[in-house]
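*Asks:* Okay, here's the prediction I keep looking at, along with the sequence it came from:
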2 protein chains.
Amino acid sequence: MAIEIERKFLVAALPPPDELGVGVHLRQGYLAEEGDVEVRVRIAATEATLTVKAGTGLARTEVDVSIPAAQAEDLWAHTVGRRIDKTRYRVALAGPAGPVAEVDVYGGSLAGMCVVEVEFASAAEGAAFDPPGWFGRELTGERGWSNAALARVGRPG
Amino acid sequence: MAIEIERKFLVAALPPPDELGVGVHLRQGYLAEEGDVEVRVRIAATEATLTVKAGTGLARTEVDVSIPAAQAEDLWAHTVGRRIDKTRYRVALAGPAGPVAEVDVYGGSLAGMCVVEVEFASAAEGAAFDPPGWFGRELTGERGWSNAALARVGRPG
């Protein structure tokens, strides 16, 4: 089973618009959470998905399925108080075969907050990563900064 | 939005095998429940589905999607203590355009328990339904007899 190696940071300063490119607006609503299982609906302009994440580490499972937009909106109605709204930009970082940074600019009650995530092919690659100057404080592993927690609780104090 | 009109009963005596026909073995595991949302994985011999049920009555939403068997088994691992196992038979009831009864014969820790459900096209049809002699006590609306509750708590005392 593939393991996600990701590091997450606050954004200290957004890259200029020509580097940021065109973003995709996403709404995520958290349907249910129990034990190590979390179920989410995500609605973008062109696609809606239902996602189940379960377990941690090696036992982590993620099931992601497309659902019709109308069904997604019906489910959305059951996520009041557990929602986030963000625009996601994909920025190629410098260097040969440099990784891609996913920059999330939040809206709604989290407006003004920006977070960046980078995914790596191996733990070694992740550890060797040297964040560019526009990255801020590292948030990797801080549960309060998971999207599920941001949706339920808001920005950590 | 279509509303399900269903009535549920204990089975007093199972119909003979030739009326019962061939059953389908199903495993259902409850992944997460929160507020009015319930998320379930169902695994049958030929298909696995992920189902989200949300809300009640008029606002009830049900989203049901097929997922690959391997993903369903990965999710199944996260439903320990919240599972049921049953064989479902479909029995056509007597009368012109008689409804179909879904007979569930439970296994595992609920072995020996049998429940029958009948779905109707309208509330009037449901109210007019005269249960055949092999139906037992009516369970309609008793939450302790929902599959989710049976999976978590077991047979109601």
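*Replies:* Done, it's in. Numbering: from 1, shown residues only, chains lettered A, B, ... in the order given.
*Asks:* Can you get me a residue count around A:A45?
*Replies:* 9 (other C-beta atoms under 10 Å in any protein chain shown). All C-beta spots, glycine's among them, are computed from the backbone N, C-alpha and C.
*Asks:* from what I can see it touches A:H25, true?
*Replies:* Yes - look at A:A45 against A:H25 with C-beta atoms under 8 Å: they come within range, at 6.4 Å.
*Asks:* now the helices for chain A?
*Replies:* For chain A, the helices defined by DSSP state H cover A:17-20, A:69-76, A:123-128, A:147-153.
*Asks:* okay if I get those as TSV plus mean neighbour count, distance to A:Y89 and mean pLDDT?
*Replies:* Listed next are the helices of chain A as TSV, based on neighbours: other C-beta atoms under 10 Å in any protein chain shown; distance: least, C-beta to C-beta, whole Å; pLDDT from 0 to 100:
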stretch	mean neighbour count	distance to A:Y89	mean pLDDT
helix A:17-20	11	5	92
helix A:69-76	18	23	96
helix A:123-128	12	21	89
helix A:147-153	17	16	94
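*Asks:* Kindly report the residues of chain A close to chain B.
*Replies:* Proximity of chain A to chain B is confined to A:31-39, A:50, A:52, A:54-55, A:59, A:61, A:63, A:65, A:67, A:71, A:74-75, A:77-78 under the rule C-beta under 8 Å from any C-beta of the partner chain.
*Asks:* Those residues, buried ones only, as a PyMOL selection?
*Replies:* Buried residues within the residues of chain A next to chain B, by 16 or more other C-beta atoms under 10 Å in any protein chain shown, are selected in PyMOL with:
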select buried, chain A and resi 31+32+33+34+37+38+39+50+52+54+55+61+63+65+67+71+74+75+78
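*Asks:* So which of the residues of chain A next to chain B belong to strands?
*Replies:* Under the assignment DSSP state E, the residues of chain A next to chain B contribute A:31-34, A:37-39, A:50, A:52, A:54, A:61, A:63, A:65, A:67 to strands.
*Asks:* And those, which two are furthest apart?
*Replies:* Greatest spacing in those, by C-beta to C-beta: A:E34 and A:I67 (20.5 Å).
*Asks:* got the contact list for A:R82?
*Replies:* Going by C-beta atoms under 8 Å, 6 or more residues apart in numbering or on different chains, A:R82 touches A:29-31, A:148, A:151-152.
*Asks:* ugh, wrong one, A:I5
*Replies:* Neighbour list for A:I5: A:119-123, A:125-126 [criterion: C-beta under 8 Å, 6+ apart].
*Asks:* Same question for A:R152.
*Replies:* Taking C-beta under 8 Å, 6+ apart as the contact definition, A:R152 lies against A:30, A:81-82.
*Asks:* Output the lowest mean pLDDT helix or strand found in chain A.
*Replies:* helix A:123-128 (a mean of 89; mean pLDDT, DSSP states H and E).
*Asks:* Just name whatever secondary elements that helix is in contact with.
*Replies:* In terms of contacts (3 or more C-beta pairs under 8 Å, 6 or more residues apart in numbering or on different chains; DSSP states H and E), helix A:123-128 is packed against strand A:5-11.
*Asks:* Parallel or antiparallel, list what pairs with the strand it packs on.
*Replies:* In the sheet, strand A:5-11 lines up against strand A:114-120 (antiparallel), strand A:135-138 (antiparallel) (DSSP bridges).
*Asks:* For that strand, list the C-alpha coordinates in CSV.
*Replies:* Taking Å, rounded to 0.1, in the frame of the first residue of the first chain, the C-alpha atoms of strand A:5-11 are listed here in CSV:
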residue,chain,number,x,y,z
ILE,A,5,4.8,11.4,2.5
GLU,A,6,3.6,15.0,2.8
ARG,A,7,4.9,18.1,4.5
LYS,A,8,2.6,21.1,5.3
PHE,A,9,3.5,24.7,6.0
LEU,A,10,1.9,28.1,6.5
VAL,A,11,2.4,30.4,3.5
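*Asks:* what is the mean pLDDT for it?
*Replies:* Averaged over strand A:5-11, pLDDT sits at 93.
*Asks:* Mind listing what's buried along that strand?
*Replies:* A:5, A:7-9, A:11.
*Asks:* From the chain's centroid, how far away is it?
*Replies:* Here strand A:5-11 is found 10 Å from its chain centre; the criterion is C-alpha atoms, centre = their mean, to the nearest Å.
*Asks:* quick one: A:D74 from B:V52, how far?
*Replies:* A:D74 sits 10 Å away from B:V52, taking C-beta to C-beta, to the nearest Å as the criterion.
*Asks:* what residues are shared contacts of those two?
*Replies:* In contact with both A:D74 and B:V52: B:61, B:63, using C-beta under 8 Å, 6+ apart.
*Asks:* That's all I had, so thanks and see you.
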